[in-house]
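Participant: give me a model of this one.
(chains A and B)
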Amino acid sequence: MTKLFTSQKFRRTAVQVLFVAVVAMFILATIIVGRTNIADQGIATGFGFLNQTTGWPVSFSLTDVGPRSTYTQVLFAGLLNTMLVGFMTLIFATVLGLLLALMRISSNSLMKLVGTTYVEVFRNVPVILQVFFWYAILTHFPGPRQAYSLADMAFFSNRGLMLPAPSLSGLDVAIFLIGCVAIGFGLKSFKPKKSGLRLPLAILAAVALFGVLLLTGREADVPLWSVPELKGLRFVGGVSLKPEFSALLIGLTLFGASYIGEIIRGGLISVDKGKLEAGSALGMSPFQINRYIRIPLAFRAMLPSLSNQYIWLMKGTTVGIAIGYPDYFAIVSTSINQSGQTMELLALLMGGFIVVNYSIGFAMNLLNTRLKLKGRS
Amino acid sequence: MLTKLMKLATVASLAFATATSAQAQDEGVLGEIKARDSLLCTGHNGSYLGFAEVDAQGEWQGFDIEMCRALATAILGSPDKAQIIPISWAQRFPAIQSGDIDVIIKVTGWTMTRDTELGLQYSRPYFIGPFYVMSRSDLGAQSISDLDGGVFCVNAGTTVERVLADYMETNGIEYQPLAFEKGEELRAALYAGRCDAIAGFGPFLSSTRVNAPNPDDFTIIGDVIKLEPEGIVVRQGEDDFLDVINWMVTALLLAEENGITSENVDEIKANPPSATVERLLGVTPGVGTRLGLQDDWAYNVIKTVGNYGQIYDRTIGDGSRYKLPRGLNNLWNNGGLLYPLVLD
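Facilitator: Numbers count the residues shown, from 1 in each chain, chains lettered A, B, ... in the order given. Reported below is the predicted structural model:
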């Protein structure tokens, strides 16, 4: 027996087993206590409510949901809303961030000043205040009847931006997006004699697909383009960018860009100066140096912090609840109030964000693996 | 010690005096009220605008407060004997069970759970709690259907969200919903013009309107999208007290029905137009003794507090800053739902 305790291997294993057992018991006890308490209060548990209709409308959604939709459908619509605003933020913030980084490392002192001022202002103000600020601005424009109009095709008012749009159904849009991805992959293996032909060909294919969908996918009497038109209290037709969506997108993008700009700048200046000098010694142009030496090397350096920032921004979409944008968090919050299924909905909330953010992390890791220097581990 | 003894003696002698003067020996809370010579009513922790609020002079004002004063006048002869206890929404039920207050007059909806499981008893509804829509005045909407296609803002996660969806679907009106988590954001969006209308409990809409930069920019539309009957609540088993409350409300309504106001009550008492009015104002006896009150209690109430319409106008109606339409809280012969019981 004493021999057993003097064995270092046994002691280490025992401590680990004990630790896991204690944690498991703690979790189990929490679940049991929680369940009994909820049952004592006469509250129904389980996920059965997901099939019930909600009875309340959602102000903005990509799918068609209303008071007669089930909780599953409404929660899914909320998740899509979060992903829509989240991914658009990531794209715009990255582009703007890249610009800021280039401004800050440029030798032009005016550019430097502008870049630095931007970063310091937008990085140091809480994101929720920025979102409130943009929302207040967007909602203080004139009402729909006094809307600014551009050739009676596009309108801007405190109800948002109304734009003409092709008469495509949601299904058409999905087919088009899938088609574009397919064209992209198809052209990758297609190698014309002149490499300059690839991009024009891809665009031509996409336009053709769009044309076919536009001509076939609609009812006979529907016009090709739907133009917004003031009817009573609102605009009908076209597509609208609601102020809640725009304010959230603008606020998050401007805020995120200041962080992403700093990450990119860090990546760019981490590139060894000697390598850049080697480039110019070889007679490469500044563009070539950037394209073939600086950016590839910098990209590797900044990828880990960039994934962190992307995930952070995706979680940042939850401030949408403050200005009435029905993101996943807002939908879950309303569902909790309406159905009373707090625990289940909180679990779904966390689960949804884990899935979305894990996917971002996974994609970034994949990119990292492909980009990292081969032959080193 | 001495003051305590004296207080006790006063209370005892008062109780004795009341007990001997009243026709029947009062038991329960009605007896306690008379012995204490004050009525303990619900106020609010803060202000519930229009119903229970503290004015610039530090005095309680509002519709529910006036109801309490009317009840105090009916039982004790003076509105000053109403004592208002500040209390939150959640506290009101435990407080009445523990005897901290005698009666709940606090826009309390008559629900089955409260009526049966909390050991409470409701008076007949004294107020019909309406859910209304308030729209921007410049839209010129006369009814909700005039707002077809408009943006309707609501508080997220409330019953209003569902009530409005139901109403719009039933009436075939299209609308664009917009839900805000916090009342402040909802108000800001309305004032900025993001919403064409907001839906909510009438008093909430009134306070939203009054606090607007320019209240005349917003109009409450008369269409009721849903209603909740509000009753006065007492502890289970206080039947005598509940009788007094129900007949107090009837007296207020009967006075309005017969055009008796606090100004002309003396004239009418001197020259009553009908036997009912005679009985109501105590010209012929009976209205008081049967409830264990003075025969002139209804006269006192009308004289000091006014009739139902006067109370409404002064606190939440056209005479107040809230301008809540009378709507369903009008008398039956004016298109409302309220009616007095039969005073025979």
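
Participant: just give me the neighbour total for the closest residue to chain B within chain A.
Facilitator: Minimum separation of chain A from chain B (CB to the nearest CB) falls at residue A:337, amounting to 2.9 Å. Using the backbone N, CA and C atoms, a C-beta is placed for each residue, glycine as well. Neighbours of residue A:337 under the rule other CB atoms under 10 Å in any protein chain shown: 18.

Participant: contacting residues for it?
Facilitator: Taking CB atoms under 8 Å, 6 or more residues apart in numbering or on different chains, we find residue A:337 in contact with B:156-158.

Participant: which helix or strand contains it?
Facilitator: Using DSSP states H and E, residue A:337 sits within helix A:328-339.

Participant: most centrally placed residue in chain B?
Facilitator: Centroid-nearest residue in chain B, with CA atoms, centre = their mean: residue B:64, separated by 4.0 Å.

Participant: which bits of the stretch 101-250 of chain B sit near chain A?
Facilitator: Counting by CB under 8 Å from any CB of the partner chain, the stretch 101-250 of chain B comes close to chain A at B:139, B:147-151, B:153, B:156-158, B:161-162, B:165-166, B:169, B:176-182, B:185, B:188-189, B:192-194, B:196.

Participant: out of these, which are inside strands?
Facilitator: Using DSSP state E, the members of these that fall within strands are B:151, B:153, B:176-180.

Participant: would you mind listing what in the stretch 251-377 of chain A touches chain B?
Facilitator: Listed as neighbours of chain B in the stretch 251-377 of chain A under the rule CB under 8 Å from any CB: A:321-324, A:326, A:330, A:333-334, A:336-338.

Participant: so where do the strands sit in chain B?
Facilitator: With DSSP E as the criterion, chain B has strands at B:39-42, B:53-54, B:60-61, B:82-85, B:104-109, B:120-122, B:127-136, B:151-155, B:176-180, B:197-201, B:218-235.

Participant: now do the longest one: which elements does it pack against?
Facilitator: For strand B:218-235, the packing partners by 3 or more CB pairs under 8 Å, 6 or more residues apart in numbering or on different chains; DSSP states H and E come out as helix B:92-97, strand B:104-109, strand B:120-122, strand B:127-136, helix B:159-170, helix B:202-210, helix B:239-257.

Participant: wait, which of these is closest to residue B:329?
Facilitator: strand B:127-136 (5.3 Å; CB to CB).

Participant: before we move on, back to that, relative to residue A:315, which of the helices and strands packed on strand B:218-235 is closest?
Facilitator: Nearest of those (CB to CB): helix B:159-170, 26.1 Å.

Participant: next, the angle strand B:197-201 makes with the closest one.
Facilitator: 120 degrees (axes from the mean of the first three to the mean of the last three CA atoms, to 10 degrees).

Participant: what does helix B:159-170 rub up against?
Facilitator: A:55-57, A:66-67, A:334, A:338, B:131, B:133, B:144, B:152, B:154-155, B:173-175, B:177, B:179, B:199-201, B:225-226.

Participant: and the strand or helix carrying residue A:262, how far out from the chain middle?
Facilitator: Assigned by DSSP H and E, residue A:262 belongs to helix A:243-269. On the basis of CA atoms, centre = their mean, to the nearest Å, helix A:243-269 sits 12 Å off its chain's mean C-alpha point.

Participant: list the buried residues in the helix or strand following it.
Facilitator: Next along the chain after helix A:243-269, taking DSSP H and E as the criterion, comes helix A:273-281. With burial defined by 16 or more other CB atoms under 10 Å in any protein chain shown, the residues of helix A:273-281 counted as buried are A:276, A:279.

Participant: show me where pLDDT drops low in chain A?
Facilitator: Confidence mapping of chain A against pLDDT under 70 gives the ranges A:1, A:40-44, A:188, A:190-196, A:217-222, A:224, A:372-377.

Participant: next up, the contacts around the nearest residue to residue B:296 once chain neighbours are set aside.
Facilitator: Once flanking residues are discounted, residue B:296 sits nearest to residue B:282: 4.2 Å by CB to CB, 6 or more residues apart in numbering or on different chains. By CB under 8 Å, 6+ apart, the residues touching residue B:282 are B:288, B:294-299.

Participant: give me phi/psi at the residue in the stretch 1-150 of chain B positioned nearest to chain A?
Facilitator: Nearest residue of the stretch 1-150 of chain B to chain A (CB to the nearest CB) works out as residue B:150 at 4.0 Å. Per-residue torsions, residue B:150: phi -80, psi 170 (degrees, to the nearest 10).

Participant: buried residues in stretch B:306-318?
Facilitator: Residues of stretch B:306-318 classed as buried by neighbour count (16+ other CB under 10 Å): B:306-312, B:314-317.

Participant: can you tell me which of these is closest to residue A:185?
Facilitator: The closest of these, once distances to residue A:185 are taken by CB to CB, is residue B:316, at 67.6 Å.

Participant: verify the contact between that closest one and residue B:63 for me.
Facilitator: Yes. Here residue B:316 reaches residue B:63: they are 5.3 Å apart, a contact under CB atoms under 8 Å.

Participant: give me the common contacts of the two.
Facilitator: The contact lists of residue B:316 and residue B:63 share B:50-51, where a contact means CB under 8 Å, 6+ apart.

Participant: and stretch A:9-29, how far out from the chain's middle?
Facilitator: 39 Å.

Participant: ok, stretch B:181-196 next?
Facilitator: 28 Å.

Participant: in chain B, what residue comes closest to chain A?
Facilitator: Going by CB to the nearest CB, chain A is nearest to residue B:157 of chain B, at 2.9 Å.

Participant: angles on the backbone of that residue, please.
Facilitator: phi 80, psi 10.

Participant: then residue B:287?
Facilitator: With angles defined as degrees, to the nearest 10, residue B:287 sits at phi -70, psi -30.

Participant: next, count neighbours for it.
Facilitator: Taking other CB under 10 Å as the criterion, the count of residues near residue B:287 is 23.

Participant: could you do residue B:77 as well?
Facilitator: Residue B:77: 17 surrounding residues under other CB under 10 Å.

Participant: quick one, what contacts the residue lying closest to it once chain neighbours are set aside?
Facilitator: Nearest non-adjacent residue to residue B:77, counting by CB to CB, 6+ apart: residue B:300, 5.9 Å away. Contacts for residue B:300 (CB under 8 Å, 6+ apart) come out as B:73-74, B:77-78, B:294.

Participant: and those, which of them are in helices?
Facilitator: Using DSSP state H, the subset of the contacts of residue B:300 located in helices is B:73-74.

Participant: and the furthest pair within the contacts of residue B:300?
Facilitator: B:78 and B:294 (11.7 Å).

Participant: between the two, which one's more packed in?
Facilitator: More crowded of residue B:78 and residue B:294, by other CB under 10 Å: residue B:294, with 19 against 14.

Participant: correct me, but the more buried one touches residue B:77?
Facilitator: Yes. Between residue B:294 and residue B:77 there is a contact at 6.8 Å, judged by CB under 8 Å.

Participant: relative to helix A:328-339, how tilted is the longest helix seen in chain A?
Facilitator: Ranked by residue count and defined by DSSP H, the top helix of chain A is helix A:71-105. Angle between the axes of helix A:71-105 and helix A:328-339 is 150 degrees (criterion: the same axes, to 10 degrees).

Participant: show me the contacts for the residue of the stretch 1-150 of chain B closest to chain A.
Facilitator: Contacts of residue B:150 by CB under 8 Å, 6+ apart are A:232-234, B:135, B:139, B:175-176, B:196-197.

Participant: tell me, how many residues neighbour the spatially closest residue to it that is not a sequence neighbour?
Facilitator: Nearest non-adjacent residue to residue B:150, counting by CB to CB, 6+ apart: residue B:196, 3.4 Å away. Here the number of neighbours of residue B:196 (other CB under 10 Å) works out to 27.

Participant: what's the burial count for residue A:36?
Facilitator: A count of nearby residues for residue A:36, using other CB under 10 Å, gives 10.

Participant: quick one on the thing from earlier: residues contacting the residue nearest to the centre of chain B?
Facilitator: B:41-42, B:51-52, B:105-107.
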